[in-house]
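Colleague: What follows is a predicted structure for the sequence shown.
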Amino acid sequence: MNQNTKRFLGIAFGWSYLCFGIVIASRQPFSALSTPMFALFLLGCLGPLVGAAGVYLLDRKNFGGLGGIWQDALQTENGWRSLLLALLFLLLHYGLAILLGAVGAFGPVQKLLVYLPTMLVLFGTGEIGWRGIVQPSIEAVRGGFWRSSIITGLLWSLWFLPMLFIPGFVIRSDFYMQFTAYLIAVGLLLTTLFKKSGLPGCILFSTLFFSLSAVVILRQSNYLLAVAAVDLVIAMVYNSRLFQS
């Protein structure tokens, strides 16, 4: 793990944990957060973006400052057609979840359009740090697509952990292990997208993935492990020699 990854993790976790910790200490239910506490929660979600910005500013030579963020977020390695892969992964992820019976309810489709801009800022941009900084660094040290993706997924789940202790949050605190497995599996798809199309595919996937979570609501049960297994199979198939040749 190189210095820039340590910088990212230190800033992202420090920023987010501080914000989420204050929200938890307020003991306000998530659905009834006061305006200051809700604003603090949103600021906490920006931790990965703030961490990435810190790395880009502190290592201008390799990352190009804040202008480098914009460039990396828009630059694809195989053209914009490769972004269709993000849409395919989303279709397979949610489509097979529906077939497996893992979906508990469906929300209004209009929510997708409402949440898209917010999820782009809060979670889509976080991929600049998770997939653009952390995963390549871990892969360089630990070696291998699978190991680095799993470690990055574990770190990602640890970043989410404080949210689960906000009273009434959408994910229960006793569901953390299943949620972690789910995030690791989703991370395998994101790493695949990163290697195929660079950051734009990851940002598109994350933005739509978190937006769709309000429309296609998955059960908080072991069904989620079945969806994680599906994502694992998708990643294994796509990264097989058949598709890479």
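Modeller: Ah, there it is.

Colleague: what helix or strand is the nearest residue to residue 74 once chain neighbours are set aside on?
Modeller: Nearest non-adjacent residue to residue 74, counting by Cβ to Cβ, 6 or more residues apart in numbering: residue 200, 6.2 Å away. Where C-beta positions appear, they are placed from N, C-alpha and C, glycine not excepted. Element membership for residue 200, per DSSP states H and E: helix 199-212.

Colleague: Which secondary structure elements does the very next helix or strand once past that helix sit against?
Modeller: Using DSSP H and E, the helix or strand that follows helix 199-212 in sequence is strand 216-218. Using 3 or more Cβ pairs under 8 Å, 6 or more residues apart in numbering; DSSP states H and E as the contact test, the elements touching strand 216-218 are helix 84-99, strand 103-106.

Colleague: So the spatially closest residue to residue 27 that is not a sequence neighbour: helix, strand or coil?
Modeller: Distance criterion Cβ to Cβ, 6+ apart; nearest residue to residue 27, sequence neighbours excluded, is residue 167 at 6.4 Å. Recorded secondary structure, residue 167: coil (DSSP: H, G, I helix; E, B strand; the rest coil).

Colleague: Would you confirm that residue 167 contacts residue 26?
Modeller: No - at 9.3 Å, residue 167 does not count as touching residue 26 under the criterion of Cβ atoms under 8 Å.

Colleague: just the helices in the protein please.
Modeller: Along the chain, the stretches classed as helices by DSSP state H are 3-26, 35-45, 47-58, 60-63, 65-74, 84-99, 110-119, 127-129, 135-142, 145-160, 176-197, 199-212, 223-238, 241-244.
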